[in-house]
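> fold the following.
(2 chains)
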Protein chains: 2
Amino acid sequence: MERFGTVAIVGVGLIGGSIGQALREHGLARRVVGIGRDAARLAEAQHLGAIDVATTEIARGVAEAEIVVVCTPVDRIASDIIEAARASPPSALITDAGSTKRKIVREVEADSLARGKFVAAHPIAGSERSGVANARADLFAGRVCVLTPTEQTPPALLNRARDFWSSLGSRLIEIDPATHDDRLARTSHLPHALAAALAALVGPDLVPLAAGAYRDVTRVAAADAALWTPIFLENRDAILDALDAYDRSLAGFRAALEAGDEARLSAWWNLGRENRRRFEGQNGGGTVAS
Amino acid sequence: MERFGTVAIVGVGLIGGSIGQALREHGLARRVVGIGRDAARLAEAQHLGAIDVATTEIARGVAEAEIVVVCTPVDRIASDIIEAARASPPSALITDAGSTKRKIVREVEADSLARGKFVAAHPIAGSERSGVANARADLFAGRVCVLTPTEQTPPALLNRARDFWSSLGSRLIEIDPATHDDRLARTSHLPHALAAALAALVGPDLVPLAAGAYRDVTRVAAADAALWTPIFLENRDAILDALDAYDRSLAGFRAALEAGDEARLSAWWNLGRENRRRFEGQNGGGTVAS
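Presented below is the predicted three-dimensional model:
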């Protein structure tokens, strides 16, 4: 017998599709229902083995769901959750995969029905490639998934959310929504903006001279604007704070360089190097050409 | 019979060691002489098969060299070239592997003996890991090597430099030293500084929440300060110009974000995305988690 009954996935792209594939590949769910706005994409998800059945209507798709996972862009998640809360069984767990949490949690908790079913989540996994064609059953294996429960989150529901995300191979971290957004602004949202700002400077004439450093720094700039614009807007204040801190960090470099001060440049460089080395020690490194 | 006679490598780290391994693995040189300041490191290079013989004295090491390749940090390259020019045979070709070119070429061309033996080069290959232990015979295979000849460069010598760098598998690009430095400021030097500036912001508390975007953007921040501080200083003006352009690019993001302007944010993002996609088309991509 499967660990979960019907799991409904709202938004079957890279993340939703990978959840579906993981559930199906490991026989974790009795049935995986894919819900989306585009019937052709749902057919592709079905063809790729990410879902068992498909529908373009949230109400129909969640009607028998034990678990609903909302994987739409962050500016649609709260309303999709609230809509799913209306149509799903009373005992349903609703969770999400949004890269921002504060605004989503606030909006969902303002809805008395939805807040009793919801545990916010953010699996930190993904790629600059989007769409179900890039989905992989092992996308979450060994990767962090952040849960951001609040005082309003029913403890039994939180346990079910832990069980669900763990079953996909995630390592769980639990923090509050505001802390999540402040930290992810620095570890994810800001880096995406920095990558795009650099990529904008390197036009066709420079491409032949761009190698490993450019390739790595700008990799995530290939991601979809449709995903990232809403993330920036949802987490605007924390990203602006992170950008201020970044400007100060880079100003340290500029000042040392303008002064031609080798010792200061070296000390500045080593600040970052130490953090980066620590990350490598904890997360595994991998040499790449630069 | 080998393509080259004695090749002397001054500075047997990642780059110099990889040159030695490529020459020896493909039987391109009659003898590879390693020259360095640290006898223990030279012994390691010999043990790893990067060089045949070793010496800590440039004059002795280059005495019979047909080709001298100077792979020391950029602030030592010009004086090492001039020293090698004094002690090498009259017909010797001296080339280098420095990441900056303008200042090195200017200093070498001010020396009447050295300028008649020198062709400046920059193989765009490397890694955030340094040292001969990370050297690889295929480091240059298919990668760009920039040659920056000037009006002072003897044409026959330039041909020999082309032959040498091509023999390691490099694809050659020829531009003038100033253009090289301006372009590399944007494609390599600035990205290194941006990586370090971000890494400095992500301390131990944030490391567990850092994933693919942080990993890729900061990868090159793990490199040695001893290599990068001199590069920044040698190419200071071009890097400061690139930094100005970067600040303007990032200011476009900040303004759109502060205004909460989705269309502007999206247009800004797509500027970088288009360049990045073009790079991927030309250089090969590779999906990574973010």
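
> any idea what sits nearest the most centrally placed residue in chain A, other than its immediate chain neighbours?
Nearest to the geometric centre of chain A sits A:S99, at 4.0 Å (C-alpha atoms, centre = their mean). The shortest distance from A:S99 to any non-neighbouring residue, by C-beta to C-beta, 6 or more residues apart in numbering or on different chains, is to A:I231 (5.1 Å). Backbone N, C-alpha and C define where each C-beta goes, glycine included.

> roughly how far does that neighbour sit from chain B?
When distance is defined by C-beta to the nearest C-beta, to the nearest Å, A:I231 is 10 Å away from chain B.

> ditto for A:V119
With the distance defined as C-beta to the nearest C-beta, A:V119 ends up 18 Å from chain B.

> residues contacting the residue nearest to the centre of chain A?
Taking C-beta atoms under 8 Å, 6 or more residues apart in numbering or on different chains, we find A:S99 in contact with A:74, A:122, A:184, A:188-189, A:231.

> do A:R115 as well
A:108-109, A:152 are the contacts of A:R115 under C-beta under 8 Å, 6+ apart.

> got it, and A:G131?
Contacts for A:G131 (C-beta under 8 Å, 6+ apart) come out as A:13-14, A:17, A:41.

> now, the contacts of A:S99 that are in helices?
Applying DSSP state H to these, the entries found in helices are A:74, A:184, A:231.

> wait, the first one touches A:R236, no?
In other words, A:V74. No. The criterion here is C-beta atoms under 8 Å, and A:V74 misses it with A:R236 at 11.9 Å.

> between those two, point out the one with more neighbours.
Using other C-beta atoms under 10 Å in any protein chain shown, the more surrounded residue of A:V74 and A:R236 is A:V74, with 24 against 18.

> how does chain A divide into domains?
Under the assignment automatic domain parsing, the domains of chain A span A:4-175, A:180-283.

> for the ones you listed, which one sits closest to B:L139?
Evaluated over these, closeness to B:L139 peaks at domain A:180-283, with 11.2 Å, by C-beta to C-beta.

> so how far is the closest one off the chain centroid?
Remark: domain A:180-283 is offset 19 Å from the chain centroid, using C-alpha atoms, centre = their mean, to the nearest Å.

> and it, average pLDDT?
Mean per-residue pLDDT for domain A:180-283: 94.

> follow-up on the earlier one: quick one: which of the contacts of A:S99 is nearest to chain B?
Taking C-beta to the nearest C-beta as the measure, chain B lies nearest A:S188 of the contacts of A:S99, at 5.0 Å.

> got the contact list for the closest one?
Contact partners of A:S188, counting by C-beta under 8 Å, 6+ apart, are A:99, A:124, B:209-211, B:213-214, B:290.

> kindly report the same for A:L28.
The contact partners of A:L28, by C-beta under 8 Å, 6+ apart, come to A:2-4, A:22, A:167.

> now it, nearest residue through space, not along the chain?
Once flanking residues are discounted, A:L28 sits nearest to A:R3: 5.0 Å by C-beta to C-beta, 6+ apart.

> give me the neighbour count for the one you found.
If you count neighbours by other C-beta under 10 Å, A:R3 ends up with 14.

> before we move on, what about the one 10 residues further on?
A count of neighbours around A:G13, defined by other C-beta under 10 Å, yields 25.

> in terms of contact, does it touch A:V132 like I think?
Yes. Between A:G13 and A:V132 there is a contact at 5.9 Å, judged by C-beta under 8 Å.

> re earlier: quick check: the farthest pair among the contacts of A:L28?
Within these, A:E2 and A:A22 form the most distant pair, 13.1 Å apart (C-beta to C-beta).

> more neighbours: which of these two?
Higher neighbour count among A:E2 and A:A22: A:A22, with 24 against 14, using other C-beta under 10 Å.

> hmm, A:R143 and that one touching each other?
No. Using C-beta under 8 Å, A:A22 is not in contact with A:R143, being 11.6 Å away.

> what touches both of these two?
When contacts are counted by C-beta under 8 Å, 6+ apart, A:A22 and A:R143 are jointly contacted by A:G169.

> for the contacts of A:L28, give me a markdown table that also has secondary structure, pLDDT and distance to B:L198.
Formatted as a markdown table, the contacts of A:L28 follow (DSSP: H, G, I helix; E, B strand; the rest coil; pLDDT from 0 to 100; distance: C-beta to C-beta, whole Å):
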| residue | secondary structure | pLDDT | distance to B:L198 |
| --- | --- | --- | --- |
| A:E2 | coil | 88 | 43 |
| A:R3 | coil | 94 | 40 |
| A:F4 | strand | 97 | 39 |
| A:A22 | helix | 98 | 31 |
| A:S167 | helix | 98 | 33 |
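
> among those, which one sits closest to chain B?
Proximity of the contacts of A:L28 to chain B was ranked by C-beta to the nearest C-beta; the top entry is A:A22 with 14.6 Å.

> return the residues in contact with that closest one.
A:A22 neighbours (C-beta under 8 Å, 6+ apart): A:28, A:137-140, A:168-169.

> how far away is it from B:A8?
Per C-beta to C-beta, to the nearest Å, A:A22 is found 56 Å from B:A8.

> hmm, who's touching stretch A:170-183?
The contact list for stretch A:170-183, computed with C-beta under 8 Å, 6+ apart, reads A:100-102, A:104-106, A:120, A:122-123, A:140, A:142-150, A:162, A:165-166, A:235, A:238, A:241, B:205-206, B:208-209.

> if you could redo that for stretch A:233-248, that was the one I meant.
Applying C-beta under 8 Å, 6+ apart, the set of residues contacting stretch A:233-248 is A:74-75, A:100, A:102-104, A:181-182, A:184-186, A:189-190, A:193-194, A:232, B:197-198, B:201, B:250, B:253-254, B:257-258, B:260, B:262, B:265.

> need the buried ones from those selected in PyMOL.
Buried residues among these (16 or more other C-beta atoms under 10 Å in any protein chain shown), as a PyMOL selection:
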select buried, (chain A and resi 74+75+100+102+103+104+181+182+184+185+186+189+190+193+194+232) or (chain B and resi 197+198+201+250+253+254+257+265)
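
> restricted to helices, list the contacts of stretch A:233-248.
A:74-75, A:102-104, A:181-182, A:184, A:190, A:193-194, A:232, B:197-198, B:250, B:253-254, B:257-258, B:262, B:265.

> so A:T6 lies in a strand, does it not?
Yes. Per DSSP: H, G, I helix; E, B strand; the rest coil, A:T6 lies within a strand segment.

> can you map out the helices along chain A?
Using DSSP H, the helices of chain A run over A:14-25, A:39-47, A:58-61, A:74-87, A:102-109, A:112-115, A:155-167, A:177-184, A:190-199, A:212-218, A:225-234, A:236-258, A:262-283.

> neighbours around A:A221, how many?
A total of 31 residues lie near A:A221 under the criterion other C-beta under 10 Å.

> my guess is it meets A:A193, correct?
No. Using C-beta under 8 Å, A:A221 makes no contact with A:A193, being 9.2 Å away.

> how about the domains of chain A in TSV, adding distance to B:P90?
Output for these, formatted as TSV (distance: least, C-beta to C-beta, whole Å):
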stretch	distance to B:P90
domain A:4-175	54
domain A:180-283	34
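
> mind checking how far A:P155 is from A:D163?
A:P155 is 13 Å from A:D163, where distance means C-beta to C-beta.

> neighbour count: these two, which is higher?
Taking other C-beta under 10 Å, A:P155 and A:D163 do not tie; A:D163 has more neighbours (13 against 7).

> return the residues in contact with that one.
Listed by C-beta under 8 Å, 6+ apart, the contact set of A:D163 reads A:R3.

> next one: A:A225
So A:A225 contacts B:265-266, B:269-270, B:273 (C-beta under 8 Å, 6+ apart).

> next one: A:L147
Listed by C-beta under 8 Å, 6+ apart, the contact set of A:L147 reads A:119-121, A:158, A:161-162, A:165, A:172-174.

> mind doing that once more with 7 Å?
A:L147 makes contact with A:119-121, A:161-162, A:172, A:174 under the criterion C-beta atoms under 7 Å, 6 or more residues apart in numbering or on different chains.
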